[in-house]
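Novice: What would the 3D arrangement of this be:
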Amino acid sequence: MSNLMFIRQVYCAYLRRLLYLFNMGNSGNVIGRFSSSLDRRDQGPNEVIAQAIVDDAGGDLLEEVVQVIHSKAATRTINDVVMTLMAVSRIHPKLLVQKADVFIDLLESKSNRQVWGSMIALANMAPLVKEKLKPHLVKILQAMDEGTVVTRDHGFSILTELYKEDQSGDLLALINEQLLNAPSNQVGQYTEKFMEVVRKEDVSTFVEALEVRGQELTNEHHLKRLGKNLKNLRGL
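Specialist: Numbers count the residues shown, from 1 in each chain. Predicted coordinates:
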């Protein structure tokens, strides 16, 4: 990277930070700058705050945003907090490692947005917080069972990440269970995701689960996709 490009990037980050501080006004109250407070339906304002958190390297601004969750703020405001932190997890997940418990707790929220936003954040952080996630598998699985497709998809991503270091066979069993019970249109996606990490010694058990699930599929496209995946797995 040239010195000129580096200086330009630093300068742009500085300008973004100035813009954020200007928008915050003198009150220093971050709640007033979330999308819902500005009567915005898009995520633009929340993403501005997320970028400011990244530029601030997760300093005081991150703490201020997280504290909103523990306040008596309206549900829509806490929704904005989760969307903001979800955006941070996408850009710089390491900044949120110490906040993993916050997202784990929110998996039990009555707000779907908070649940799926938290699951996405945890999936983005999963490689960095495996030990924190393992004790909460029941909570993760319950959120997957009761939540939206987005919640289930990212929960499955967490399971596959935890499987990488699991030698007990527990994660393999949980993943196969998800494949057996997932909506028909998700079976192919989940199969292919797990195929990326499955160990050779687990392939036969994986194939058995897919063969059982295949007996329940009726959609021609789903069956064709499953057949292709099974052929690839048997060749491993």
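Novice: tell me the SS of G58?
Specialist: coil (DSSP: H, G, I helix; E, B strand; the rest coil).
Novice: which intervals of the protein have sub-threshold pLDDT?
Specialist: For the chain, the stretches with pLDDT under 70 are 1, 11-28.
Novice: Remind me which helix or strand the residue most central in space within it belongs to.
Specialist: Central residue of the chain (C-alpha atoms, centre = their mean): I120, 1.6 Å from the mean position. Secondary-structure element containing I120, defined by DSSP states H and E: helix 112-125.
Novice: Just the C-alpha atoms of the helix or strand following that helix, please, in PDB.
Specialist: The element immediately downstream of helix 112-125 (helix or strand, assigned by DSSP H and E) is helix 130-133. The C-alpha trace of helix 130-133 is given here as PDB (Å, rounded to 0.1, in the frame of the first residue of the first chain):
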ATOM      1  CA  LYS A 130     -16.100 -21.100  20.600                       C
ATOM      2  CA  GLU A 131     -15.500 -21.700  24.300                       C
ATOM      3  CA  LYS A 132     -18.200 -19.200  25.200                       C
ATOM      4  CA  LEU A 133     -20.700 -20.700  22.800                       C
END
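Novice: Count the neighbours of E208 for me.
Specialist: 11 (other C-beta atoms under 10 Å). C-beta here means a position set from N, CA and C on the backbone, and glycine is covered the same way.
Novice: Show me where the chain has its strands.
Specialist: Counting by DSSP state E, the chain has no strands at all.
Novice: residues contacting the residue lying closest to L106 once chain neighbours are set aside?
Specialist: Among residues not flanking L106 along the chain, S118 sits closest, at 4.1 Å (C-beta to C-beta, 6 or more residues apart in numbering). Going by C-beta atoms under 8 Å, 6 or more residues apart in numbering, S118 touches V82, M86, F103, I104, L106, L107, S109.
Novice: Make CSV out of those and add neighbour count and distance to E208.
Specialist: Output for these, formatted as CSV (neighbours: other C-beta atoms under 10 Å; distance: C-beta to C-beta, whole Å):
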residue, neighbour count, distance to E208
V82, 25, 38
M86, 26, 36
F103, 29, 34
I104, 20, 32
L106, 23, 36
L107, 23, 30
S109, 19, 36
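Novice: So what touches stretch 32-42?
Specialist: With contacts defined as C-beta under 8 Å, 6+ apart, stretch 32-42 is touched by 23-25, 31, 43-46, 48-49, 74, 76-77, 79-81, 83-84.
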